[in-house]
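Enquirer: Curious how this folds, go ahead:
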Amino acid sequence: MKWVGRVWVLWVWIMVMLWGCGRAMSKEEYMKYKDPKQPVGVRVKDLLGRMTLEEKIGQMVQIDRIAATRDIVKDYDIGSLLSGGGSIPLPRATAADWIEMVNDFQKGSLSTRLGIPMIYGIDAVHGHNSVYNATIFPHNIGLGATRDPELLRRIGDATALEVRATGIPYVFAPCIAVCRDPRWGRCYESYSEDPKLVQEMTDIILGLQGEIPNGSRKGVPYVGGKTKVAACAKHFVGDGGTTKGINENNTLTSRHSLLSIHMPAYYDSIIKGVSTVMVSYSSWNGKKMHANRELITGFLKGTLNFKGFVISDWEGLDRLTSPPHSNYTYSVLAGVQAGIDMIMVPYNFTEFINDLTYLAKNNFISMDRIDDAVKRILLVKFNLGLFENPLADLSLVNEVGSQEHRNLAREAVRKSLVLLKNGKNASDSLLPLPKKASKILVAGSHADNLGYQCGGWTIAWQGFSGNNETTGTTLLGAISSTVDKDTEVVYLENPDSENVKSNHFDYAIVAVGEHPYTESAGDSQTLTMSDPGPDVINNVCGAVKCIVIVISGRPLVIEPYISSIDALVAAWLPGSEGQGVTDVLFGDYGFTGKLPRTWFKTVDQLPMNVGDSHYDPLFPYGFGLTTKTMVARSVSAGVGRRPFVPMVMILLSVGLYFQVKRRKLSRSQACLYQRWFSSFVLNHFQNNTIGRGRRQIQLQTL
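Expert: Purely as a prediction, here's the structure:
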């Protein structure tokens with residue numbers, strides 16, 4: 001029976017092998033990087049140790065969705081995708097459409113050997129501005145005028161919710177440039193010319209990413225859950241100080257000025273846990289920032305100890321040569337060696353991958369540099385929770401354009417408005433306006449144009465014109481819904497003076513400014529308002545009392561028209577909620593905004609910033625007239641608009657009741673109290689209305 005023994009031995013051998021293989025398989029199945037209980041540093045180290053050079057380089061690539069498919073994301077181990085300005089799934093895409101697109105790409109990433117999720121990024125610079133029906137907040141220059149960091153936190157929180165509602169976890173915001181010359185086409189993306197104010201406004205990062213928990217290490221990237229996004233401080237560094245405000249140009253300044261003016265907001269952003277930093281197209285004293293190892297690796301990563309990842313701007317490496325892309329292998333070498341971790345390609349990704357692979361395999365770029373880049377990218381992905389929750393669901397879709405967020409945007413608008421003039425003299429103020437009037441005129445190209453009101457970076461890269469590309473309330477719509485129902489509102493985009501005179505308007509509201517622009521398209525050496533703005537001001541303000549509202553991304557030439565204007569308001573680029581403008585025009589709220597930058601007299605004075613020896617502004621930095629909450633002057637706002645009046649009436653009535661009861665007053669004495677009470681309320685209403693169109697208040701005796 002030798003065969004029985006042999007079978008037994010064979011059986012034992014098979015069992016041992018199976019047991020050994022099972023242990024090996026179970027050991028392989030446990031991967032530390034997939035275990036959320038492990039510290040992030042351990043997970044990063046474990047995953048990095050499993051990656052090939054090709055997989056590492058793939059993580060350093062960011063491509064536009066237009067160049068991507070699920071198979072491309074899988075085959076090239078692409079680490080990140082983005083939507084450039086206007087790159088959308090389909091016209092008027094819903095939150096669900098966005099989620100479907102992002103998840104489809106993500107499934108390509110999850111099907112790779114290691115299943116590393118990609119990170120999707122988008123320019124949400126004043127709300128989720130590429131998405132139809134999203135809430136569009138004022139651009140940064142307007143938010144700077146609010147001087148309200150707490151408001152910025154709430155805007156960051158709302159923006160994060162709307163972005164996450166579309167399945168996207170990463171935003172290229174905030175822009176923390178310090179614009180020193182309004183001729184720069186990106187000046188409206190800057191909170192202020194004052195670095196201290198820009199520092200304060202970095203609180204928006206705490207809204208976007210979440211408050212760093214007590215006890216956590218300062219300066220380490222932090223994202224607080226599935227309703228928050230990774231933020232990006234941009235553009236490192238000095239982009240707001242270029243010569244003559246020319247976009248992507250050279251910033252000529254000392255190291256001291258660079259560090260004291262343009263760098264402070266980066267200190268604050270890093271302390272507040274910002275996840276990423278984007279490099280500027282501009283140069284510092286002739287050295288392209290995308291190739292500046294001293295500032296990126298030496299100062300940002302070294303001195304400031306930034307632990308997140310550094311990302312290039314759109315085709316930023318291409319622009320290291322003139323003409324762009326003329327020596328791309330050199331550009332890849334210079335940019336990666338400078339310390340850029342993720343490269344926004346965004347189309348020619350195979351060329352970038354081939355060049356970087358060649359440079360790494362031939363030791364032009366060390367593996368330590370590659371590993372540093374990938375570690376930083378993985379750190380942010382783990383912090384975002386992408387490994388645990390890589391796919392988005394529909395639970396937040398109703399956050400896009402929610403009424404709560406629109407109310408917040410409306411609050412931001414009214415706090416951002418700066419009142420520059422109110423009446424021809426101090427004793428003849430025009431604002432707040434009466435809601436009840438016979439007939440009023442609304443004029444100007446910007447009065448009924450949502451696209452002009454929102455500015456660049458809205459739906460399309462360069463913005464849009466008209467009222468059909470997204471939802472919101474124009475200034476005209478806000479005025480029509482605010483004034484008394486009996487007030488006739490006439491809208492004439494470009495009226496002539498005779499027409500204005502013959503119509504006998506009580507007053508006119510004129511909205512003029514700039515057409516939308518973005519980046520270099522907005523560079524201007526003249527800073528004049530768009531036609532027919534000057535003609536509208538001259539024709540209207542010469543014939544009737546007028547309030548001019550300037551809708552622009554920066555101060556414009558206005559001095560020639562000042563004398564004819566009765567009231568002047570800087571509204572910046574207020575976004576989708578035009579009711580915020582009428583809230584203060586008609587006195588439901590007072591003006592509180594302060595100039596975030598100097599308003600010049602002539603462009604010949606530029607650059608001119610507060611503190612300069614040649615400082616001679618039309619309106620200085622920090623200027624802004626105030627008005628009280630003047631609902632009492634708003635003649636159509638009756639008891640329902642004065643919550644304190646019913647309260648006074650109730651308190652007086654209760655007091656009267658107890659006085660009568662306690663003192664057992666005679667009927668004649670009680671009637672005396674009633675007459676006094678009626679007289680008090682009537683006088684209150686009469687003394688707080690404007691003479692024209694007074695509301696008649698009738699009070700019945702008890």
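
Enquirer: Flag the shaky bits of the stretch 1-150 of the chain, pLDDT-wise.
Expert: 1-29 (pLDDT under 70).

Enquirer: Give me the distance between the residue sitting nearest the centre point of the chain and residue 92.
Expert: By Cα atoms, centre = their mean, the mean C-alpha position of the chain lies nearest to residue 126, the distance being 2.6 Å. Applying Cβ to Cβ, to the nearest Å, the value for residue 126 to residue 92 is 19 Å. From N, CA and C alone the C-beta is placed, and that goes for glycine too.

Enquirer: swap in residue 75?
Expert: 32 Å.

Enquirer: And the helices in the stretch 51-200 of the chain, which stretches?
Expert: Per DSSP state H, counting those that start in this stretch, the stretch 51-200 of the chain carries helices over the ranges 53-59, 70-75, 95-110, 140-146, 149-164, 195-201.

Enquirer: looking at these, which is closest to residue 421?
Expert: helix 140-146 (15.9 Å; Cβ to Cβ).

Enquirer: Show me what that closest one packs onto, helices and strands only.
Expert: Secondary-structure packing of helix 140-146 (3 or more Cβ pairs under 8 Å, 6 or more residues apart in numbering; DSSP states H and E): helix 149-164, helix 195-201, helix 403-416, strand 567-572.

Enquirer: which strands and helices sit next to the very next helix or strand once past the shortest one?
Expert: What that stands for is strand 567-572. Going down the chain from strand 567-572, the next helix or strand is helix 579-585, by DSSP states H and E. Counting contacts by 3+ Cβ pairs under 8 Å, 6+ apart, helix 579-585 is packed against helix 403-416, helix 475-482, strand 567-572.

Enquirer: Restrict the helix or strand just after the second one to CA atoms and write it as PDB.
Expert: Yep, that's helix 475-482 we're talking about. Note on helix 475-482: by DSSP H and E, the next helix or strand toward the C-terminus is strand 488-492. As requested, the backbone C-alpha atoms of strand 488-492 are provided in PDB (Å, rounded to 0.1, in the frame of the first residue of the first chain):
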ATOM      1  CA  GLU A 488     -43.100 103.800 -13.200                       C
ATOM      2  CA  VAL A 489     -39.700 102.400 -14.200                       C
ATOM      3  CA  VAL A 490     -38.500 103.400 -17.600                       C
ATOM      4  CA  TYR A 491     -35.400 101.600 -19.000                       C
ATOM      5  CA  LEU A 492     -33.400 103.300 -21.800                       C
END
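
Enquirer: Leaving out chain neighbours, which residue sits closest to residue 401?
Expert: Ranked by Cβ to Cβ, 6 or more residues apart in numbering and with sequence neighbours excluded, the top spatial neighbour of residue 401 is residue 133, at 4.3 Å.

Enquirer: Then residue 338?
Expert: That would be residue 293: by Cβ to Cβ, 6+ apart, it lies 4.4 Å from residue 338.

Enquirer: count of neighbours near the residue nearest to residue 401?
Expert: Residue 133 has 17 neighbours, counted by other Cβ atoms under 10 Å.

Enquirer: Could you pull up the residues touching it?
Expert: Neighbouring residues of residue 133 by Cβ atoms under 8 Å, 6 or more residues apart in numbering: 92, 94, 400-401, 470-471.

Enquirer: Residue 36 too?
Expert: 387-388.

Enquirer: Count the neighbours of residue 498 for me.
Expert: The number of residues near residue 498, taken as other Cβ under 10 Å, comes to 10.

Enquirer: now it, what's its secondary structure?
Expert: Put simply, residue 498 is helix when judged by DSSP: H, G, I helix; E, B strand; the rest coil.

Enquirer: Residue 626: what's it in contact with?
Expert: Residue 626 neighbours (Cβ under 8 Å, 6+ apart): 419, 590-592.

Enquirer: Also residue 503?
Expert: Counting by Cβ under 8 Å, 6+ apart, residue 503 touches 439, 441, 490.

Enquirer: Name the helix or strand for the residue nearest to residue 291 when sequence neighbours are not counted, please.
Expert: Using Cβ to Cβ, 6+ apart and skipping residues adjacent in sequence, the residue nearest residue 291 is residue 334, 4.2 Å away. Per DSSP H and E, residue 334 falls inside helix 328-338.

Enquirer: can you check residue 219 too?
Expert: Under the criterion of DSSP H and E, residue 219 resides outside all helices and strands.

Enquirer: residues near the closest residue to it other than its chain neighbours, how many?
Expert: Leaving aside its sequence neighbours, residue 219 sits nearest to residue 270 (Cβ to Cβ, 6+ apart; 5.1 Å). If you count neighbours by other Cβ under 10 Å, residue 270 ends up with 23.

Enquirer: my guess is residue 270 is in a strand, correct?
Expert: No - if the criterion is three-state DSSP, then residue 270 is helix and not within a strand.

Enquirer: Contact partners for it?
Expert: Neighbours of residue 270 in contact, by Cβ under 8 Å, 6+ apart: 219, 233, 304-306.

Enquirer: Pop the domain breakdown of the chain in here.
Expert: Domain ranges of the chain: 63-384, 417-619, per the TED database.

Enquirer: which stretches of the stretch 551-700 of the chain have low pLDDT?
Expert: Residues of the stretch 551-700 of the chain meeting the criterion pLDDT under 70: 630-700.

Enquirer: Much appreciated, bye for now.
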